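# Attaching a predicted model along with its sequence, questions to come.
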Amino acid sequence: MARPPARHHTGVSGTTILHVDLDAFFAAVEQRDRPELRGRPVIVGGAPGSRGVVSAASYEARRFGVRSAMPLRTAAALCPDGVFVPVNGRKYRHASGLVMDILRRFTPRIEQISIDEAFLDVAGSEALFGPPPTIAVAIKEAVRAEVGLTVSVGVASTKLVAKVASDLRKPDGLVVVPAGQEAAFLAPLPISRLWGVGPQTQAVLAELGADTIGELAAMPVDALVRRLGQHGAELHDRALGIDPSPVSGDVAAKSVSHEHTFSTDTTDQEKIEATILALAEGVAERLRHGGVRASTVTVKVRDSTFRTVTRQRRLAIPTDLAEPIYRTALELARPEIRGRRIRLVGVAGSGLEEPAQLALFAEEDPRRRRVAEAADSIRSRFGRRSVTRARLLRSHLAAPEERDPMQPLERRRLGAAPAGSASPGPAPRDARPGGAGGEPGRADEASQGAGMDEADDARGPDDRLERDEELEGDEGLETDD
């Protein structure tokens, strides 16, 4: 039986949840910084003839059908006059940080779910700043005046409804859903707008006669459970606007990963292994920056036929050093790259633990740690390319920070979630890195057709911080804008 809509710190108005979403974020930053690009179709991701994917497209480019995660070559065919620019992760992180600082002026209850969006619970802020719609307007004005960007905001009584609302009138939109009107607001919208409805689930629901959220809400729960299991009951609740998850300020990061797509498919073993080493270096550096160590290493290999395999192994001793991550990743990858033309490789560290939790483990080679920390210090002072391994001098791989626009690991967002916070959303598909099963020293898992950052139909915004952060992968570094 469906639960009544949840109310979180309902305060004066009951609609105290805001979802703030930057509009076409990466492209908007480029247009802000380069006035000659304003009004022109801007496509962020790389050169039009390269093998990467679109990370973001301006609204001018979207009129031609260009979308995030689309191959750049396809985007170039749809929009031949588009302006193609590379990803500038450093610049996007800086802009994101400025926006998040603005949000924190209005409430301490902020849950950043990606580089370009966050939930806020403004209950308790109304006495200072006015009702939630007034706060939303103030946020929009501050972001425009201080950062030079626009945001769309949804205001509702639950995270689910606020998220849907913010997406309806982009760009620069503001949609307020009064408390008690959640189901009526959602009812006419297509079923694909609902969290947890991907292509497969959408096909099942269409067979059952549900093409809109309202039609799903009108269905008997038991019929949905028979076809979709417990997920069917959850979808029914969501169709009514029910979402019990609170705004959680500190969401634990689950994994760190980097990927690289080769400019041409390759069988060059040395090139592939050097690339895995570079990716392991990037993962290890970010682990050290975050103050955590990984207990599981995952490798991803995609060949020229798009056959994708992920394998993972639990380490005997959690680490934040490149050497053990590289050794493990290489052992897992070698059977998958032998005799094949390789398109993409990726390395991930997961099962993140604080060093204080590792006191019972023997310390790794202290000399290697001193070298790694010294290299980190030099790079922080003189730039990322000031120190590199001799083997990587001719690799021509971009440094992770240059390509990765996602948020860097922050110590405050690692480790266990705060007491009383909701557990993460629905679990991702089985091949996702971060599973902790298996014995040390054995490959725990091998899956075909699943990528490090792919999620199942049940994924919602609460899962976004679990996304693997890539260098450049076929799935792309995209934003929901």
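Received it, and whenever you're ready, just let me know what you need.

# Next, residue 340: secondary structure please.
Secondary structure, DSSP: H, G, I helix; E, B strand; the rest coil: residue 340 is coil.

# again, but for residue 69
Assigned with three-state DSSP, residue 69 falls in the coil class.

# ok, now how distant is it from residue 207?
Distance of residue 69 to residue 207, given as CB to CB, to the nearest Å: 27 Å. Just so you know, the C-beta spots here come from the backbone N, C-alpha and C atoms, and that holds for glycine as well.

# neighbour-wise, which of the two wins?
Neighbour count, other CB atoms under 10 Å: between residue 69 and residue 207, residue 69 has more, with 13 against 9.

# from memory the more buried one sits against residue 52, does it?
No - counting by CB atoms under 8 Å, residue 69 does not reach residue 52; the two are 10.5 Å apart.

# What is the neighbour count of residue 195?
Per other CB under 10 Å, the neighbour tally for residue 195 reads 21.

# Tell me where the stretch 1-150 of the chain has strands.
Along the stretch 1-150 of the chain, the segments classed as strands by DSSP state E, counting those that start in this stretch run 17-22, 42-44, 56-57, 83-85, 110-114, 117-121.

# The last one: how far from the chain's middle?
Going back to what we said before, that points to strand 117-121. Between the centre of strand 117-121 and the centre of its chain there are 15 Å (CA atoms, centre = their mean, to the nearest Å).

# Report the inter-axis angle for it versus strand 110-114.
Using axes from the mean of the first three to the mean of the last three CA atoms, to 10 degrees, the direction of strand 117-121 lies 160 degrees away from that of strand 110-114.

# Checking residue 301 next. Helix, strand or coil?
Recorded secondary structure, residue 301: strand (three-state DSSP).

# domains in the protein, as residue ranges please.
17-22+103-182, 25-89, 184-239, 255-466 (automatic domain parsing).

# among those, which is nearest residue 246?
For residue 246, the closest of these is domain 255-466, at 5.7 Å, according to CB to CB.

# Columns distance to residue 234, mean neighbour count and mean pLDDT on top of the strands of the stretch 1-150 of the chain, output as a markdown table?
Below are the strands of the stretch 1-150 of the chain laid out as a markdown table (distance: least, CB to CB, whole Å; neighbours: other CB atoms under 10 Å; pLDDT from 0 to 100):
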| stretch | distance to residue 234 | mean neighbour count | mean pLDDT |
| --- | --- | --- | --- |
| strand 17-22 | 19 | 29 | 97 |
| strand 42-44 | 34 | 29 | 97 |
| strand 56-57 | 30 | 30 | 95 |
| strand 83-85 | 40 | 20 | 97 |
| strand 110-114 | 19 | 22 | 90 |
| strand 117-121 | 19 | 25 | 95 |
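
# can you tell which of the ones you listed is closest to residue 174?
Of all the strands of the stretch 1-150 of the chain, strand 17-22 sits nearest to residue 174, with 9.9 Å by CB to CB.

# Against which helices or strands is the closest one packed?
helix 89-104, strand 117-121, helix 132-147, strand 151-156, helix 159-166 (3 or more CB pairs under 8 Å, 6 or more residues apart in numbering; DSSP states H and E).

# So which residues make contact with it?
Residues outside strand 17-22 that contact it (CB atoms under 8 Å, 6 or more residues apart in numbering) are 8, 28, 96, 99, 103, 116-122, 132, 135-136, 139, 143, 149-159, 161-163, 165-167, 170, 247, 461, 479-481.

# swap the cut-off to 6 Å and go again
The contact list for strand 17-22 (CB atoms under 6 Å, 6 or more residues apart in numbering) reads 116-121, 136, 149, 151-156, 159, 162-163, 166.

# circling back: going by mean pLDDT, which of the domains of the chain comes out lowest?
Mean pLDDT per stretch puts domain 255-466 lowest among those, at a mean of 67.

# Please render the helices and strands packed on strand 17-22 as JSON lines that adds distance to residue 186 to the earlier fields.
Listed next are those as JSON lines, based on distance: least, CB to CB, whole Å:
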{"stretch": "helix 89-104", "distance to residue 186": "25"}
{"stretch": "strand 117-121", "distance to residue 186": "18"}
{"stretch": "helix 132-147", "distance to residue 186": "19"}
{"stretch": "strand 151-156", "distance to residue 186": "10"}
{"stretch": "helix 159-166", "distance to residue 186": "7"}
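
# do you know which of these lies nearest residue 254?
Closest approach to residue 254 among the helices and strands packed on strand 17-22 is made by strand 117-121 (18.1 Å; CB to CB).

# circling back to that earlier point, between the strands of the stretch 1-150 of the chain, which gets nearest to residue 331?
Distance to residue 331, taken as CB to CB, is lowest for strand 110-114 among the strands of the stretch 1-150 of the chain, at 32.7 Å.

# which other helices and strands contact the closest one?
Secondary-structure packing of strand 110-114 (3 or more CB pairs under 6 Å, 6 or more residues apart in numbering; DSSP states H and E): strand 117-121.

# who does the strand it packs on pair up with?
With DSSP bridges as the test, strand 117-121 is paired with strand 17-22 (antiparallel), strand 110-114 (antiparallel).

# So which of the ones you listed is nearest residue 340?
Closest of the strands paired with strand 117-121 to residue 340 is strand 110-114, at 33.3 Å (criterion: CB to CB).

# Good, we can wrap up now.
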